[in-house]
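Fold the following.
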Amino acid sequence: MTKYKVTLAAEERAGLEQLVAVGKGAARRLTHARILLLADTASEERTDQEIADALGTSLPTISRVRHRFVTEGIEAAISPRPQPPRPDKVKIKGDPPQGRCRWTLCLLADELIALGLVAAVSRETVRHALKKTRSGPGSSTPGASRPRPTPSSSGGWRT
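Numbers count the residues shown, from 1 in each chain. The predicted model follows:
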């Protein structure tokens, strides 16, 4: 495993120290700033294990932060990457295609790819999309059977 050397300039170090001293911000951003401060070779150089023990993080996190600092810069190293869209948040809206009375698994798979919502379709992705539409198996009421009103056994008051 290649170990990337972190060497901070004076203004970068001052900026990170200011960020950590204020203590306001996302926890991940503050942790990544602390990792860079402890990994700086200009001051006392620490091993990844010592940094992990001091901050309570994992070794892969420290390696990732070092790598991103060296390859992409300080802002990329302390800012988290945006999360990719999750397949369970994909929704197909609308009625089935012309000539079909309901969505089938094949139609759903073709629609997900045609809309560009996913690059490849697995059975689980189609199941999630089917779950989000009104075309799922069963009725629109919750539960397996329709609720029936139950008569009151107390008799009730009459006026």
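
Show residues contacting stretch 7-15.
Residues from elsewhere that reach stretch 7-15, judged by Cβ atoms under 8 Å, 6 or more residues apart in numbering: 16, 36, 37, 40, 41, 42, 74. In short, each C-beta sits where N, CA and C put it, glycine included.

what's the closest residue to the fourth one other than its chain neighbours sitting at in phi/psi?
When you say that, I think you mean residue 40. Closest residue in space to residue 40, ignoring its immediate chain neighbours: residue 8 at 4.7 Å, by Cβ to Cβ, 6 or more residues apart in numbering. Dihedral angles of residue 8 (phi, psi; degrees, to the nearest 10) stand at phi -90, psi 140.

pLDDT value on residue 8, please?
For residue 8, the model assigns a pLDDT of 89.

ok, how many other residues are close to it?
Using other Cβ atoms under 10 Å, the number of residues around residue 8 comes to 20.

ok, it to residue 17 distance?
Distance of residue 8 to residue 17, computed by Cβ to Cβ, to the nearest Å: 10 Å.

quick one: low-confidence ranges for this protein?
1-2, 85-92, 129-159 (pLDDT under 70).

try 50 this time
Filtered on pLDDT under 50, the chain yields the residue ranges 139, 143.

show me where it has helices.
Remark: helices assigned in the chain by DSSP state H are 10-22, 27-39, 48-55, 59-72, 74-78, 105-114, 123-132.

what helices or strands is the fifth one leaning on?
It stands for helix 74-78. Counting contacts by 3 or more Cβ pairs under 8 Å, 6 or more residues apart in numbering; DSSP states H and E, helix 74-78 packs against helix 10-22, helix 27-39, helix 59-72.

residues making contact with the longest one?
Counting by Cβ under 8 Å, 6+ apart, the neighbours of helix 59-72 from elsewhere in the structure are 1, 3-6, 31-32, 35-36, 39, 48-49, 51-52, 76-78.

sorry, back to before: kindly write the PyMOL command that selects the buried subset of the contacts of stretch 7-15.
Buried residues among the contacts of stretch 7-15 (16 or more other Cβ atoms under 10 Å), as a PyMOL selection:
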select buried, resi 16+36+37+40+74
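
Just to check, residue 108 is in contact with residue 126?
Yes - with contacts counted by Cβ atoms under 8 Å, residue 108 reaches residue 126, the gap being 5.0 Å.

Skipping its backbone neighbours, what lies nearest residue 6 in space?
Leaving aside its chain neighbours, residue 6 sits nearest to residue 39 (4.2 Å; criterion: Cβ to Cβ, 6+ apart).
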